[in-house]
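how does the following fold in three dimensions:
(2 chains)
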Number of protein chains: 2
Amino acid sequence: MPFLSSLLAPAQTKPELDLMPWPASVQTSTGELRLDQSFTVGVRGNDDPRVKRAALRLLDRLSRQTGVPMRPGLADAAHATLVVTAEHGSERVQAVGEDESYALEVTPAGATITAPNALGVMHGMETFLQLVRAGASGFSAPAVVIHDAPRFPWRGLLIDSARHFIPPEVIRRNLDGMAAVKLNVFHWHLSDYQAFRIESRKSPKLQEMGSGGLYYTQDQVRDIIVYARERGIRVVPEFDMPGHSTSWFVGYPELASGAGPYHLQTNFGVFDDAMDPTRESTYRFLDKFLEEMTRLFPDPYFHIGGDEVTGKDWDRNPAIQEFMKARGIKTDAELQAYFTTRVQKILKKYRKTMVGWDEVMQGDIPPEVVIQSWRGPRGLAAAARAGHRVVLSNGFYIDLMQPASQHYLIEPLSGDAATLTPEQQKLVLGGEATMWSELVTPENIDSRIWPRTAAIAERLWSPQSVTDVDSMYRRLAAISEDLDWAGLTHNSYYRPALERIAGPRYAPPLAALASALEPPKEYARLDIDQVSTATAYNRLVDVLHPESDAAREFAQAVERIVAKKAAPDDEGRARALLAGWSGQEQALAPAFRNSPSFLLKELAPISQQVAALARTGLEALDYVDKGAAPPPSWTQQALALADAADKPQASTMVMIAAPVRLLVQAAGGAHAATP
Amino acid sequence: MPFLSSLLAPAQTKPELDLMPWPASVQTSTGELRLDQSFTVGVRGNDDPRVKRAALRLLDRLSRQTGVPMRPGLADAAHATLVVTAEHGSERVQAVGEDESYALEVTPAGATITAPNALGVMHGMETFLQLVRAGASGFSAPAVVIHDAPRFPWRGLLIDSARHFIPPEVIRRNLDGMAAVKLNVFHWHLSDYQAFRIESRKSPKLQEMGSGGLYYTQDQVRDIIVYARERGIRVVPEFDMPGHSTSWFVGYPELASGAGPYHLQTNFGVFDDAMDPTRESTYRFLDKFLEEMTRLFPDPYFHIGGDEVTGKDWDRNPAIQEFMKARGIKTDAELQAYFTTRVQKILKKYRKTMVGWDEVMQGDIPPEVVIQSWRGPRGLAAAARAGHRVVLSNGFYIDLMQPASQHYLIEPLSGDAATLTPEQQKLVLGGEATMWSELVTPENIDSRIWPRTAAIAERLWSPQSVTDVDSMYRRLAAISEDLDWAGLTHNSYYRPALERIAGPRYAPPLAALASALEPPKEYARLDIDQVSTATAYNRLVDVLHPESDAAREFAQAVERIVAKKAAPDDEGRARALLAGWSGQEQALAPAFRNSPSFLLKELAPISQQVAALARTGLEALDYVDKGAAPPPSWTQQALALADAADKPQASTMVMIAAPVRLLVQAAGGAHAATP
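Next comes the predicted model:
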C-alpha cells in the first residue's frame, strides 16, 4: 500500500522544505538568506524580455507573500540579492520538450537562478518563492542547491469553458496557479453540447447563436495566449468533433447528422448530436473554421476531441447509411475514423499536429496523432505501442471530487504502461488534470482545481520515486497558501459563500459543520440533483472543499488509534475535532430557527446528524480509554447512526461517518462486528 | 446618551431591511419579487451610456451576490423584471449638488428605478442590490416603495496615496465600495513629505525623484477619473502646499525655504519643510504645474492642502524674513495667507475653486474657497459664518482605528454648527472620511476603510434623525458582506494574513485570539513602534480589524448582565465567547512551541493573557450566577490581571480587559471597588 511508505520512511532530521513539485535534486546546507526591504533582483544573460517581466512579478509576489515592501524595478546584477540568468533565447513558439531545467543556489550572501532559457528561469523563480518562509528573525530562504528538470514535458490543465463560461480573468489567475506549480499546457475546451465559446469571424453564427452571449473574443484569446507564454505555458485549444457538438448546429444545422431543429443542450450527459461526416460541405466548413483557428492559436498541437460519439444519429440518417454502404464502411467507429482522417489532413495542411481523445485511435490514423487517454491505462499503453505519443488524463479528473492522494498516486508508467519498451515509454509525454465544468462556476472553480492540481503537477514533474502521501499533504498545505498570494481564490471564496448561506454571524459554525462534509464523488451529484446549465450553484455542496482537511486528519488519527499506533496528540486532536463537530449544532440552532434563508434550511438535519456522530465518537473514545465495553444497545444505535450518515444529505457526504464507525467498532470490540 | 436611544426604541414588528445608507423614505408592503435566472434589466429614458453600463454591472453583482447565473446583456424594457429610467441627461462634469434623488418601487411583479438623471439611477441600483436577500424559497427583494435623496451633496473619502502608494486597482475597488454606499467624492491626496505620486510631464523630476518609483501615470489617472464618473463619483485631487511638500524639493530644491539637500521623509509626523512663498519663481513653477493638473482633473474643485505649516523654515530663512519685513507681513500665518491668495488666483485663472484645510482660512482669503475642517467643529462653524462652504472631516478620521459608532454619531450640524443660521447651515456641503496611510498598505487598506466608512456614508446621506447605533451595527454586518461581492478585500485579506503569521493550521485559533484584540487607537501606534515608510506591516496589529465585532458584542452583553438587564442569550453568548478566548491558548501552544515564525513569537504572552482574562471572566460569571462573593484575594488578582491587560502588548490592545473587569467588580460586589 503506497500509504504505508511514509510510515516506514526514516524520521526526518530537519524540517522538510515546503516545495511542490519536489525538485529532481535538493541539497541543503547551513545558513539562510534574509529577505527584507533591501532585497533586489538582477538579470543577466539572454535578453528574452520574459525574464525581466518575470523578475518584476517575482518582486511583486515576494512583497505580497511576506508583507515586506520591496523597491520597485530591477537592480544592477552586480549588486543584486538574486541574480537570474537565462543562457539562451527560447523558441518563438514554446515547443514540447523545450529545455525547462534550472539550477537554483541560495547562500546567506545571495541567490542565483541559472537556466538554459527563460522557461527554466521562471520555474526556478517559483521554487525560490516557495523557499521563502518566516523564520526566527524575519523572512528567509534556506541555503540550498537545487538542480531541477521535469520528468515529463507535457504537464497540463484542461479547463472546460463550455459547460460554464469561465471569464478571461479567471483563466488568467489559473494560469498564474499553473505557473506556480510548473504546469506548462493550458488545454482549453472551447465547445461542447452546451456552448460554443469563441468568436469566429468566418462563421459568426457559431458564437452568436451558440454561446448564450458568453464567449471569448479573438482579442481576449490572443491576450490569454500572450499571458500564458509569459509564464511558460502553451495553449492547446480543443474543438470537440464530431460528437459533443450541438452548439455548432444551432447556427449551422447543415453540419448535423440529425434533422434538428437544434438548441443548446442545457442538461449534462452524452447526447447523440453529431456532425455529418459524409457531406463534403462539412469538411469545407471545417477547413475554413480550422484555417481561422489554427492561425489564432500558435501552438503546433490542435485538439479535435473525438470522444463519446454514440453513432445513433448516424444510424438514423438514411443518407449516411447510404454513404457507408457505398464506401464499404461497416461500423460507426470506422465512419468516425474516416472523419478523423479527413480532419487530420486539414490540420496537417495548416501545419498542426492533431490531438484527440482515446476514440480517435481507430482505422489507419497516422502515428503522429497524439492520443489523450481518458478511458484507462490500457488505452494509453496500446496507443504508445502503436507508436502514438500519449498524454494521460485518466486518473486526473479533478471534477470527480476525489482526494489529492488518489490523483497523486496515479503513476503514468504503471500497469500496462510499465511493460512498454523504454522507447515506447518515451512516447508518454505526460498528463493533464481535467476541470470539466458541469458543477463549477467562476466562483468555485479555483477551489475545484486548487490545491489538488498541485499534487498532479508534482506527479508529472518530480522523480517517479517521490510518492510519500503524508509529505505531499504537509507541503500541499503550504503551497495552497502560496497560491493565495498568487491570486487564486480557492480559499478566499469560502467565507463569502458560507455567509451567503448563513449570514456573517453564523458562517463560522457553518464552516465547522462544513469541515465534516464533502461533495459527492464521481458523477453522483448529477444523479442526486437535477442540475443543468441554469442551476444556481450556491448551495453548501457547491461551496464545500472537494476534500476536507479536518475530516482526513480525523480519519487518519482514528486509524492509528484503533490500530493502537496513536501518536501522542492523536486522541487530543480527534477529541478537539469532535468537539467542534458537536458544538456547531448548538451554535447554528438560532440560525435554523430564525434565518429565512432557503439555502440554510436544508442543512438542519445534517447539522444534527454530524453532531450526533461527533458525540458518539467522543463516547466511543471514552469507552476505548476506559477499556470498558459499551452496552450492545449503545453499539447498535451508534452503528445505525453511522450507517444512516452514509447516504448523501443535502446532496453532501458526511465524511466522519466511517471513522466514527471505526471508533464504535473498536469500543465495542468483538461485539461490534455482529450487532 | 445616544447609545440608549436604541434601547428605548419601540420593538420592531418586522425585520429591518439591511439598507445603508438608510433612505429618506421607505414604505414596505407585503409580498416580494423573486430573483432567479429569469431576472432581466431594461433601460428607458435618457440615453446616458452610464445607465446601461451600470445596469450590466448590476446584473454581474446580482449574479455574484446570489450565485444565481443571470443572462448577460440588457432586455427589452417592455418585458424586463427591473426597469430603470433616467429622465434627463446629466452634467458633463458632475456638479456639486447635482440631483441625486431616485424612486425605487418593488412589487411581486417587477421593479422600477426612476430618477432625474443617471446619478439617481445608480444610487437606486445600489439600494436594489441591498434589498436582495435569501428568503424562504429563493432570493428575493421585498415589496417596497423608496423615495430617496441625500442630506448633503458632498460625501467623500480621502485616500492618502503619499505615505503608501495605493495601486490603481486598489483605488478602483474602493471606488466600487464608495458607489455601493452612495459616496460621491474621491479626494485623492497625491503628494506629501514622503512622496509625490503623479506624473507631471511639465516638471518630471517631481515623480522621477519624488516617488521612489511608485506613481500614477497620467493615463492611469484619466482611467480612474473615468471609472469614478461611471459610478457617480467626482475626483478632487489634493496637492498639499506650502507645507507637507518635501517630495517636491527632492527634484526641485529651489522651491524650498530651507537650504537642503532634500530627501524623501521616511518617518511620519510634522516636518518644517515648506515652499518658499516669497520667490516669484515658486509661483511660476506652481502656475505651470497647476495648469497641467487642472487640465488633467476635470472637477471644478481643486485642493491645495494648506495644513500644518510650522513656519520654522520661514523663520530661519533671512531672505524670507527680509521679504516679510518689506511687505509688513508680521506672522507666519499672514505669510501663508499671502501664499494661499497667490495660489488661489492661479487656480481661478484655470477656472478651479480652491479647497483647503482649516489653515487656509487666514487673511483676506475669498469666501468662494471651500474649507475642509479637520481640527474641530468650532472651525467649521466659524468658516461657515465667514461665508465659506465647508466640508467636515473632523470626527471622520478612519485612520485612528475608532469604532464605527464613534464616527456614526458625529453630527455635522451639532455644537457650534447648530447655532448657524439656516442659510449658513446650507454652506455645510457634507463631509469626508480620511484614510491617511501611515499604517496602511494595499493589503490592509480596505479593512481600514470598510465597513466603517459605510456608517459615515449613512451620516452624510440619511436624515439627521437616523442615529440608532444598534441598528447601524446590525445593518453594517450585512453591508460588509455586500462589499465583499462588490470586490472589496476588507474581509478576504484576513485569513491569508493570519496564515502568514501562524501557518494554515494555526490560523483559526489565531483568529480566535485576534477577536479579543484591536489596534491601538488614535496615534498611539506611532509612539509604540518606530514605524516608517520602509516598515513591513505584516504583524498581527497590522492585520487586526480596527473594531472587533466579538469584543464589542461581549462588552455589550456584559454591560447588560452587570446592569441586571441581560437578554435571554446574553450570558450564553458571553460564555461562548470567553470559551473561545480561553481555548485559543491551548490550540496555539504547539505553534508557539514549534513554529519558527518571528511574526508569531511576539504573540505568546498575549495569548496567555487573553486566556487568563477569559478564564477569569468565566469564573466571575459563576460567582455572579451563584450570588456568592469571591474571596477578596481572587478579586484582587483578577483586577490586577485586567489592569495589566490595559497596556498594549505586541502593539495591540486587549479589548476584553474592560468588560472582564466589569464582571469581576460585579462578582465582588462592594469589595471590588476597594481592593
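
who in the stretch 1-150 of chain A is up against chain B?
Taking C-beta under 8 Å from any C-beta of the partner chain as the contact definition, the stretch 1-150 of chain A meets chain B at A:36-37, A:64-69, A:71-73, A:133-138. C-beta: built from backbone N, CA, C; applies to glycine.

so among these, which ones count as buried?
Burial of the residues of the stretch 1-150 of chain A next to chain B was assessed by neighbour count (16 or more other C-beta atoms under 10 Å in any protein chain shown); the buried members are A:36-37, A:64-69, A:71, A:133-135, A:138.

among these, name the ones in helices.
Of these, the ones assigned to helices by DSSP state H are A:64, A:65, A:66.

list the beta-bridge partners for the closest residue to the last one other than its chain neighbours.
The shortest distance from residue A:66 to any residue other than its chain neighbours is 4.6 Å, reached at residue A:139 (C-beta to C-beta, 6 or more residues apart in numbering or on different chains). According to DSSP bridges, the partner residues bridging residue A:139 are residue A:134.

what residues does residue A:139 make contact with?
Contact criterion C-beta atoms under 8 Å, 6 or more residues apart in numbering or on different chains gives A:34, A:35, A:36, A:66, A:68, A:132, A:133 as the residues in contact with residue A:139.

same thing but 7 Å
For residue A:139, the contacting residues are A:35, A:66, A:68, A:132, A:133, taking C-beta atoms under 7 Å, 6 or more residues apart in numbering or on different chains as the criterion.

now do it, the pLDDT please.
You'll see residue A:139 listed with a pLDDT of 97.

distance of it relative to residue B:602?
The spacing between residue A:139 and residue B:602, counted by C-beta to C-beta, to the nearest Å, is 15 Å.

what of residue A:40?
28 Å.

of those two, which one has the most company?
When neighbours are counted by other C-beta atoms under 10 Å in any protein chain shown, residue A:40 and residue B:602 differ, and residue A:40 comes out ahead with 20 against 17.

got the buried residues for the single longest helix found in chain A?
In chain A, taking DSSP H as the definition, the longest helix is helix A:570-594. The neighbour-count check on helix A:570-594 (16+ other C-beta under 10 Å) flags A:570-571, A:573-575, A:577-585, A:587-589, A:591-592 as buried.

can you pull out the helices in the stretch 51-200 of chain A?
Using DSSP state H, counting those that start in this stretch, the helices of the stretch 51-200 of chain A run over A:118-131, A:168-180.

ok, now the stretch 351-500 of chain A?
According to DSSP H, counting those that start in this stretch, the stretch 351-500 of chain A carries its helices in the segments A:377-385, A:404-408, A:422-426, A:445-449, A:452-461, A:469-485, A:494-514.

possible to save these as a markdown table with mean pLDDT and distance to chain B?
Rendered in a markdown table, the data for the helices of the stretch 351-500 of chain A read as follows (pLDDT from 0 to 100; distance: least, C-beta to the nearest C-beta, whole Å):
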| stretch | mean pLDDT | distance to chain B |
| --- | --- | --- |
| helix A:377-385 | 93 | 34 |
| helix A:404-408 | 98 | 15 |
| helix A:422-426 | 97 | 38 |
| helix A:445-449 | 98 | 13 |
| helix A:452-461 | 98 | 14 |
| helix A:469-485 | 97 | 5 |
| helix A:494-514 | 96 | 5 |
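
of all the ones you listed, which one is nearest residue B:255?
Residue B:255 lies closest to helix A:469-485 among those, at 40.7 Å (C-beta to C-beta).

any chance of TSV for the buried ones among the residues of the stretch 1-150 of chain A next to chain B, columns distance to residue A:79?
Shown next, in TSV, are those (distance: C-beta to C-beta, whole Å):
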residue	distance to residue A:79
A:36	15
A:37	15
A:64	24
A:65	23
A:66	21
A:67	24
A:68	19
A:69	19
A:71	12
A:133	25
A:134	26
A:135	24
A:138	20
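
from the residues you listed, pick the one nearest residue B:227.
Each of these was checked against residue B:227 using C-beta to C-beta; the closest is residue A:64, at 23.0 Å.

quick check: that closest one touching residue A:485?
Yes: Residue A:64 sits in contact with residue A:485 when judged by C-beta atoms under 7 Å, with a separation of 4.9 Å.

so who does the nearest residue to residue A:161 once chain neighbours are set aside touch?
Across the structure, with C-beta to C-beta, 6+ apart as the measure, the residue nearest residue A:161 apart from its sequence neighbours is residue A:197 (4.7 Å). Going by C-beta under 7 Å, 6+ apart, residue A:197 touches A:161, A:162, A:165, A:190, A:191, A:211, A:215, A:216.

I figured the fourth one hits residue A:235, correct?
No: Residue A:190 is beyond contact range of residue A:235, at 10.6 Å (criterion: C-beta under 7 Å).

ok, back up a step: the longest helix of chain A to helix A:494-514, inter-axis angle?
With axes from the mean of the first three to the mean of the last three C-alpha atoms, to 10 degrees defining the directions, helix A:570-594 sits at 110 degrees from helix A:494-514.

so which residues make contact with helix A:570-594?
Outside helix A:570-594, the residues touching it (C-beta under 7 Å, 6+ apart) are A:502, A:506, A:509-510, A:512-513, A:516, A:550, A:553-554, A:557-558, A:560-561, A:600, A:604, A:607-608, A:610-611, A:614-615, A:617-618, A:621, A:656.

what's downstream of it, the next helix or strand?
Remark: after helix A:570-594, the chain's next helix or strand is helix A:598-601, criterion DSSP states H and E.

show me the contact partners of the next helix or strand after that next one.
Using DSSP H and E, the helix or strand that directly follows helix A:598-601 along the chain is helix A:604-626. By C-beta under 7 Å, 6+ apart, the list of residues contacting helix A:604-626 from outside reads A:513, A:516, A:571, A:574-575, A:578, A:581-582, A:584-585, A:588, A:592, A:630, A:638, A:641-642, A:645, A:649-650, A:652, A:654, A:656-657, A:660, A:663-664, A:666-667.

do the same with stretch A:301-314
For stretch A:301-314, the external contacting residues (C-beta under 7 Å, 6+ apart) are A:187, A:236-244, A:257-258, A:270, A:272-274, A:294, A:320, A:332, A:335-336, A:340, A:343, A:347, A:352-357, A:359-360, A:370, A:374.

what's the PyMOL line that selects buried ones from those residues?
This is the PyMOL syntax for the buried subset of the contacts of stretch A:301-314, where burial follows 16+ other C-beta under 10 Å:
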select buried, chain A and resi 187+236+237+238+239+240+241+242+243+244+257+258+272+273+274+294+320+332+335+336+340+343+347+352+353+354+355+356+357+359+360+370+374
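
contacting residues for the residue in the stretch 401-550 of chain A that chain B sits nearest to?
Going by C-beta to the nearest C-beta, chain B is nearest to residue A:538 of the stretch 401-550 of chain A, at 2.7 Å. For residue A:538, the set of contacting residues under the criterion of C-beta under 7 Å, 6+ apart consists of A:500, A:599, B:66, B:67, B:68.
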